[in-house]
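**Q** sequence plus predicted model, see below.
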Amino acid sequence: MIQTRIRSWLPAGLGLLLAGSALITAAPQAIAAEQAQLAPKPAIDAPAGKARTATAYFAGGCFWGVEGVFSHVKGVKSVVSGYGGGPADLRVNYEQVGTGRTGYAESVRVIYDPSQVSYGTLLRVFFSVITDPTTLNYQGPDHGTQYRSALFPQSAEQEKVAKAYLAQLGKSGLWTDPIVTRIEAVGRFQPAEGYHQDFMRNNPEHGYIKRWDAPKLAAFKQLFPAIYTATPAA
């Protein structure tokens with residue numbers, strides 16, 4: 001596994017010493033950032049209904065950027081970074097997930113208002129600017145099953161929309177390689193350690209954020225101005 005997010009712990013685990021641009025040099029020169037491109041509107045989407053709260057889970061590489069983009073989507077109430085997709089009876093932490101041997105992936109939990117933003121729209125944002133659905137078990141500089149792209153539907157309706165959208169992307173011609181994003185059970189989602197939450201917002205000058213994640217947020221703002229909000233969700 002390529003180690004790109006080098007961390008040095010502060011006393012008593014209170015935080016991180018930000019490594020800045022040194023993080024970038026840990027990745028091979030040939031690695032490039034995911035290319036943002038406007039994915040098609042979902043042909044099949046979940047109706048708004050009467051509910052004002054729904055939950056969706058996504059895995060799409062380093063959770064800093066996934067959380068950072070989704071937190072700026074209008075209608076999203078909260079985004080939590082964590083671990084999903086592994087055995088429900090296994091409790092994990094960042095170091096364990098980082099080995100790639102737990103079955104868990106860096107993931108986010110998105111709580112949103114379906115009357116303001118649909119599940120299909122969240123999928124469209126996810127595949128337009130957050131993750132490359134053709135890279136198996138890696139995103140950008142981060143390699144390993146813990147960085148796989150996966151969808152964790154929470155209802156039969158979400159699963160129907162997710163399956164239909166993956167099929168739609170496969171026929172869109174936007175990518176030359178096959179779609180490898182998986183649909184999985186989230187198991188027991190476990191929130192990540194506190195220092196991972198709101199990482200992009202709290203560390204805008206971090207080398208990894210500037211190189212890999214800030215461009216995703218900028219692309220989201222450019223491609224989806226109608227649903228971009230400058231004030232991030234909690």
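**A** Cool, the structure landed.

**Q** element containing residue 65, please.
**A** Element membership for residue 65 (DSSP states H and E) is helix 63-70.

**Q** what is the next helix-or-strand element following that helix packed up against?
**A** Per DSSP H and E, the first helix or strand lying C-terminal to helix 63-70 is strand 76-84. Where contact means 3 or more Cβ pairs under 8 Å, 6 or more residues apart in numbering; DSSP states H and E, strand 76-84 is packed against helix 63-70, strand 105-112, strand 190-191. No exception for glycine: its C-beta is placed from N, CA and C like everyone else's.

**Q** and the ones you listed, which is most packed in?
**A** Of all the helices and strands packed on strand 76-84, helix 63-70 carries the top mean neighbour count, a mean of 27, counting by mean count of other Cβ atoms under 10 Å.

**Q** contact partners for the residue nearest the centre of the chain?
**A** Per Cα atoms, centre = their mean, the C-alpha nearest to the average position across the chain is that of residue 66, at 3.0 Å. For residue 66, the contacting residues are 58, 59, 60, 81, 106, 107, 108, 126, 130, 131, by Cβ atoms under 8 Å, 6 or more residues apart in numbering.

**Q** would you turn those into TSV with pLDDT and distance to residue 94?
**A** What follows is the contacts of residue 66, written out as TSV (pLDDT from 0 to 100; distance: Cβ to Cβ, whole Å):
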residue	pLDDT	distance to residue 94
58	98	18
59	98	15
60	98	17
81	98	10
106	98	9
107	98	12
108	98	14
126	98	22
130	97	20
131	97	20
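
**Q** show me where the protein has strands.
**A** Assigned by DSSP state E, the chain shows strands spanning 54-60, 76-84, 105-112, 138-139, 142-143, 149-152, 182-183, 190-191.

**Q** parallel or antiparallel, list what pairs with the first one.
**A** Same thing as strand 54-60. strand 105-112 (antiparallel), strand 149-152 (antiparallel) (DSSP bridges).

**Q** what's the answer for the fifth one, then?
**A** According to DSSP bridges, strand 142-143 forms sheet pairs with strand 138-139 (antiparallel).

**Q** and for the partner strand, what's in contact with it?
**A** 34, 60, 61, 62, 131, 132, 144, 147, 148, 149.

**Q** still on that earlier bit, between the helices and strands packed on strand 76-84, which gets nearest to residue 118?
**A** Each of the helices and strands packed on strand 76-84 has some distance to residue 118 by Cβ to Cβ; the shortest is strand 105-112, at 8.8 Å.

**Q** ok so, going back, dump the helices and strands packed on strand 76-84 into CSV; add distance to residue 201 as well.
**A** Shown next, in CSV, are the helices and strands packed on strand 76-84 (distance: least, Cβ to Cβ, whole Å):
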stretch, distance to residue 201
helix 63-70, 7
strand 105-112, 14
strand 190-191, 17
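
**Q** among those, which is nearest residue 88?
**A** strand 190-191 (9.8 Å).

**Q** find the residue closest to residue 180 in space, skipping its chain neighbours.
**A** Nearest residue to residue 180, sequence neighbours excluded (Cβ to Cβ, 6 or more residues apart in numbering): residue 136, at 4.6 Å.
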